[in-house]
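In: Could you work out the structure for the sequence below:
(one chain, ligands or ions: 1)
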Amino acid sequence: MANFRTHITVAAAGGMLMAYAGWQAQWWPASQALLVIALVAFGGILPDIDADRSHSIRLIFNLLSVPSLVLGVLLLQPWLTPGMLLVACGGIYFCVRFLAAVLFSRLTVHRGIWHSLMAAGLCALVTSALSFQLFAQPAWLAWAHGVALLLGFVIHLGLDELFSVDLEGARLKRSFGTALKLGDGRRPLSNLLMMIAVLTLVPWVPPWSVLGDLLYQGSLLWR
Ligand SMILES: [Zn+2]
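Out: Residues are numbered from 1 along each chain as shown. All right, here's what the predicted structure looks like:
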């Protein structure tokens with residue numbers, strides 16, 4: 001299993017590659033490139049969110065607390081006095097930063113459903129839906145954001161799988177096959193729940209034809 005630093009370094013490198021390719025192809029301006037790199041890097045640490053007390057879980061919930069705070073201010077501003085708003089924001093920050101992290105690590109097992117391709121798909125759809133609906137980004141960019149997160153996620157799973165192979169003797173360690181997988185073979189219920197989550201998101205994502213177009217244009221780049 002690759003460690004935290006390997007994950008974030010390789011994912012960030014992959015992000016730079018994607019950001020550069022898209023910028024060259026004039027898919028996004030240089031300002032978007034930074035966001036793409038950040039999303040790939042974030043995707044690259046996301047699968048280990050379920051490893052209790054890992055670097056990832058702390059960093060991820062730290063990072064998530066910022067957008068939740070912004071969202072909280074935007075939603076609550078019309079209803080509360082400045083003083084109350086401040087208290088509410090403190091509450092939101094505390095909840096995301098500490099309570100959500102504790103809850104999450106209680107409810108999940110490491111290398112369970114969150115360490116799978118299905119989770120990668122779910123997180124990518126969430127990213128695209130948020131970017132499209134909440135931040136009103138054009139469909140093309142919203143899908144690109146989702147794909148960036150997906151790329152980071154897949155890089156992570158691939159790295160873990162790679163590191164489970166003993167390089168010297170080419171002997172497979174016991175963890176082989178636990179990193180890069182479609183779902184969680186031992187817990188059918190979590191697969192089902194995640195499938196339901198994916199389906200609920202479908203109405204919120206940008207038009208699929210745009211994704212098709214993005215992937216088609218992307219495949220042309222590698223010719
Ligand atoms: Zn991992």
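In: If I look at Phe94, what pLDDT would I see?
Out: Phe94 carries a pLDDT score of 83 in this model.
In: Just the element for the residue most central in space within the chain, please.
Out: What sits nearest the mean C-alpha location of the chain, by CA atoms, centre = their mean, is Gly43, with 4.0 Å. Secondary structure from DSSP states H and E places Gly43 in helix 30-45.
In: what about Leu180, helix or strand, and which?
Out: Using DSSP H and E, Leu180 sits in no helix or strand.
In: typo on my end, Phe104
Out: Going by DSSP H and E, Phe104 is part of helix 101-107.
In: If you count contacts, what does that helix end up packed against?
Out: Packing partners of helix 101-107 (3 or more CB pairs under 8 Å, 6 or more residues apart in numbering; DSSP states H and E): helix 55-76. In short, each C-beta sits where N, CA and C put it, glycine included.
In: And the helix it packs on, what does it pack against?
Out: Applying 3+ CB pairs under 8 Å, 6+ apart, one finds that helix 55-76 makes contact with helix 4-24, helix 30-45, helix 82-94, helix 101-107.
In: right, and those helices - which one's nearest the ion?
Out: helix 4-24 (7.0 Å; CB to the ion).
In: How about residues contacting that closest one?
Out: 2, 28-30, 32-34, 36-41, 43-45, 48, 54-56, 144, 148, 151-152, 155-156, 159, 163, 218, 221 (CB atoms under 8 Å, 6 or more residues apart in numbering).
In: Which among the residues you listed count as buried?
Out: Neighbour counting over the contacts of helix 4-24 (16 or more other CB atoms under 10 Å) leaves 2, 28, 32-33, 36-41, 43-45, 48, 54, 56, 144, 148, 151-152, 155-156, 159, 163, 218 as the buried ones.
In: on that earlier part again, can you tell me which of the helices and strands packed on helix 55-76 the model trusts least?
Out: Across the helices and strands packed on helix 55-76, helix 101-107 has the smallest mean pLDDT, namely a mean of 75.
In: per-residue pLDDT, the spatially closest residue to Asn191 that is not a sequence neighbour?
Out: What sits nearest to Asn191 in space, not counting adjacent residues and going by CB to CB, 6 or more residues apart in numbering, is Gly183, at 4.1 Å. The model reports Gly183 with a pLDDT of 76.
In: just Arg53 next, same as before
Out: Looking at Arg53, the pLDDT reads 62.
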